[in-house]
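S.K.: Generate a structure from the sequence data that follows.
(chains A and B, ligands or ions: 2)
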2 protein chains.
Amino acid sequence: DNKDEEAFFKLGDGFKVSMKMHAENRQRLIKAMHEKGAKTGTIVLKGGESLMRNDTDFEIIFRQESYFNWVFGVMEPDGFGTLSLSTGKATLFVPNVPIENEPWIGKMKPREDFKKQYEVDDVLFNEDLPQVASASDGPIYILDGVNTDSGSRSSPAEFDGMDKLTVDKTTLYSVIANCRVIKSALELELMRYVSDISSKAHVAVMRKVKAGMFEFQLEADFLHYIYFYGGCRHSAYTCICGCGPNAGTLHYGHAGAPNTRILKSTDIALLDMGGEYHCYTSDITISVPVSGKFTPNQKMIYEGVLNSVRAVEEAMKPGIEWPEMHRLASRKILEHLTTHGLLQGNVDDMVKVNLAKVFLPCGLGHLIGCDYHDVGGYLPGYPERIDEGPYGIKKLRTARTLEKGMVLTVEPGIYFIDSLLTMAKNDPNLNPFMVWDELDKFRTFGGVRIEDVVAVTDSGIENYTLVPRTVTEIEDVMAGKQWPPATDEGKW
Amino acid sequence: DNKDEEAFFKLGDGFKVSMKMHAENRQRLIKAMHEKGAKTGTIVLKGGESLMRNDTDFEIIFRQESYFNWVFGVMEPDGFGTLSLSTGKATLFVPNVPIENEPWIGKMKPREDFKKQYEVDDVLFNEDLPQVASASDGPIYILDGVNTDSGSRSSPAEFDGMDKLTVDKTTLYSVIANCRVIKSALELELMRYVSDISSKAHVAVMRKVKAGMFEFQLEADFLHYIYFYGGCRHSAYTCICGCGPNAGTLHYGHAGAPNTRILKSTDIALLDMGGEYHCYTSDITISVPVSGKFTPNQKMIYEGVLNSVRAVEEAMKPGIEWPEMHRLASRKILEHLTTHGLLQGNVDDMVKVNLAKVFLPCGLGHLIGCDYHDVGGYLPGYPERIDEGPYGIKKLRTARTLEKGMVLTVEPGIYFIDSLLTMAKNDPNLNPFMVWDELDKFRTFGGVRIEDVVAVTDSGIENYTLVPRTVTEIEDVMAGKQWPPATDEGKW
Ligand SMILES: [Mn+2]
Ligand SMILES: [Mn+2]
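M.R.: Ligands and ions are numbered 1, 2, ... in the order given. Sure thing, here's the model as predicted:
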């Protein structure tokens, strides 16, 4: 054994993730807890549980619980972890698997091997947790809170004898969620990698898009690329391969609409797909013409969205409020649709009645990290959700002010969605702006989304997405031209 | 609308599954319930529930609950279904999704469309279920039982007002499980398809196997093939790509051992991977030399397993008891290892002490259908599990007598597993048969498994698996030779 060799995770030729990243996360967490006055005691976290499908013998392929991954980086299920707030000691608890299981699941790793693999201070069995917890020099801190994207409650650690201890279920959740919002330098490297391999996969898929294929075949190609070449066993979310009218369904691709369409040459292919590596995610959308050449209408809508992306990315930097970016993106879209005759009237007046929600009913983008819709969007002490009606800014997953180290998606779109167009037609505040003769030409257009993953830097952003974005770049790459170009003149 | 057009499921160029298959399943179920005396009343089944990962906004890609799929063939989550035992009327209940969700998930299908798509008699909303149930002309039959592979209890339907009705929770489970054991002609066609596309995927993977690749890249290639070419969005289980020593871990490939090895030219690649289409599964294993050429030792072990497979497949036909097939396979392996000097002594004596469990600790094979480890293995009134110690025949997932229409896997293997070899060394009943000088040469060999999916016919079996199986076939196909051969002289 080489004592100097650092522990890491790496799958295939994928990124080498140093376990120091998690050690740093733990130090950041302890520091933040100290700042809340929690200077003694023990954090007890429960790892993700292995899960069977219904009552069957089918085990859903395990993916670590995100908070546990952030703190410990452990890939095995059904463990626990503790972190002493006074000493910083990190202890991992693993299930004590009976030797009778060895023929099926392989040799039980000795605890010493776990210790080396994850660079923790100690490794014990799950049954040792009550004793460690009861020896705590202060309260037991448990993760208990509600995810503001899903509305679901976390699953707090439980163990024998817990009722006899002083348990604090309120402090940890927002402290750790807040730590996760700001990515460390090591996390940023990993985030950059996941978006890089996801970008490359998008480019490979883009080159294969052609009429007659099925949408799900683009999903198949993407998933294969990120896994085979990038070591991404999981995708960050179910692939959205909405072509033609389906591009207007924001979360298309689910089991009730599983990417079944045959691509037509007149379709836009809206492909929203992201890889995941060591539980860190990417989330990238491209919108390309199935024919390889944008029609004038496709180009017009596409460039409206691209202008919106670029305006936001030009403006982003520490201190900027995210809702202002949503408003900027929305205004850009209104201006563009007015310039091109789909809307009429004064853009300021459109803004007053929130006309943009008709075309952009969702939020501009979201924090991203160990979850693709990452935690920390609405924490106590930070700006609250803005409610200006059910669509638009209320859907923003955070209203925070940008800080260095945040990673977000920028994903404006222009969508033509029947129920929203009908809503606009029936709303006397909205209808006067709508030029129905023009808009009706787009009833089956679907939509366009462009989604980048960007990190906030000292003075602006770094774009982790590297896919063809201009109309010319897309047409060139679909026609076989080299990507990335030999010399890149673009800012991002 | 063409009234004559039959409803079906089809993804891409995959198999066209007629909804008549599910109508027949329902008729079979009603007939079987009538035979149990249940001639009036209503079966109420709960569909699978959509599932988020932990507290996050990540939705685990939905796959229908297997019983619900068998009865209704519905791909959407969160519904219910009823079946009248007196009239045969089949009613589907679907969630009433608010129009506000349309931008995200797409247009809510009108109930009339669901009715056409699934060829049921009526479609209502979930909130209508209590009224339909309370109008039942007899007891409400609910699915409540324990899966004998996983030990997990099914999740019985529940609805408002159920406590006021006569509810029978005991009859349905074994009747429906028993129906699932015998596949109809339409189900057999579908099962044949899934194993056919899975066989083709195995052949494609086999041709790519080479030293320097990672195990998980074989998984990536397989998953891509079945999805892109076969419309299989799901695999039947997590791919097991055990190469070299890992071939000796029966369920290798899980999150704690995720197919991470670099293939060496001296490895056997044991690849156990199966597709799934419309919730019907395949489960096929190949064991091939990474170098493309079997070494003498690899050939010897491989042919022992192949002889065992063939002896079983020759013997299988209606009336044969499955445990006898396990014993036959085990004996073949003992004979082979004795012939080749790894064991010594009288094979009858080896059988008496169950020596085969050292090399084949698992069962010979299992029923397969809507689950890869399919239901109905141990039902009341059928042979019980045989217990001759923790390894071997006790692990058989069924002890039934073969009947026409059953589909099973035949998957003997020879494995070299440290803990079991140690067990044999320490057991004075086993140790005398072991030739350690020879056996020790195989300590890091891993193992060989061959797994076919076969259907029991009137007089024997039909093998749904079509992959190279002899040493020559495998070496030829890995070297680029055509598959399947222009003329196939093999029996299977
Ligand atoms: Mn996104
Ligand atoms: Mn099997």
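S.K.: Ranking helices and strands of chain A by mean pLDDT, which lands last?
M.R.: Taking mean pLDDT, DSSP states H and E as the measure, chain A has helix A:102-105 as its least confident helix or strand, at a mean of 92.
S.K.: Who are the packing partners of that helix?
M.R.: Identification of packing neighbours for helix A:102-105 by 3 or more C-beta pairs under 8 Å, 6 or more residues apart in numbering or on different chains; DSSP states H and E yields helix B:418-426. Where C-beta positions appear, they are placed from N, C-alpha and C, glycine not excepted.
S.K.: What helices and strands are in contact with the helix it packs on?
M.R.: Short answer (3+ C-beta pairs under 8 Å, 6+ apart): helix B:418-426 packs on helix A:102-105.
S.K.: For the helix it packs on, could you pull out the residues that count as buried?
M.R.: Buried positions in helix A:102-105, judged by neighbour count with 16 or more other C-beta atoms under 10 Å in any protein chain shown: A:102-103, A:105.
S.K.: Would you mind giving the secondary structure of the residue in the stretch 51-200 of chain A that ligand 2 sits nearest to?
M.R.: Closest to ligand 2 within the stretch 51-200 of chain A is residue A:57: 10.3 Å, counting by C-beta to the ion. Secondary structure state of residue A:57, per DSSP: H, G, I helix; E, B strand; the rest coil, is coil.
S.K.: Could you pull up the residues touching it?
M.R.: Each residue near residue A:57 by C-beta atoms under 8 Å, 6 or more residues apart in numbering or on different chains is listed here: B:147, B:149-150, B:371-373.
S.K.: Identify the residues contacting the least confident helix or strand of chain A?
M.R.: The set of residues that contact helix A:102-105 without belonging to it, under C-beta under 8 Å, 6+ apart, is A:97, A:108, B:248-252, B:254, B:256-257, B:361-362, B:391, B:415, B:417-420.
S.K.: Past that helix, which element shows up next along the chain?
M.R.: Counting by DSSP states H and E, the next helix or strand C-terminal to helix A:102-105 is helix A:111-118.
S.K.: Quick check: which helices or strands does that next one pack against?
M.R.: For helix A:111-118, where contacts count as 3+ C-beta pairs under 8 Å, 6+ apart, the packed elements are strand A:90-94, strand A:122-125.
S.K.: gap between it and the chain center?
M.R.: Centroid separation between helix A:111-118 and its chain, computed with C-alpha atoms, centre = their mean, to the nearest Å, is 30 Å.
S.K.: Likewise for stretch A:82-97?
M.R.: Remark: stretch A:82-97 is offset 28 Å from the chain centroid, using C-alpha atoms, centre = their mean.
S.K.: same thing with stretch A:37-47?
M.R.: Using C-alpha atoms, centre = their mean, the offset of stretch A:37-47 from its chain centre is 27 Å.
S.K.: quick one: buried residues of it?
M.R.: Of the residues in stretch A:37-47, those buried under the neighbour-count criterion (16+ other C-beta under 10 Å) are A:38, A:41-47.
S.K.: can I get the residues you listed in CSV with secondary structure and pLDDT?
M.R.: Converted to CSV, the buried residues of stretch A:37-47 look like this (DSSP: H, G, I helix; E, B strand; the rest coil; pLDDT from 0 to 100):
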residue, secondary structure, pLDDT
A:38, coil, 98
A:41, coil, 98
A:42, strand, 98
A:43, strand, 98
A:44, strand, 98
A:45, strand, 98
A:46, strand, 98
A:47, coil, 98
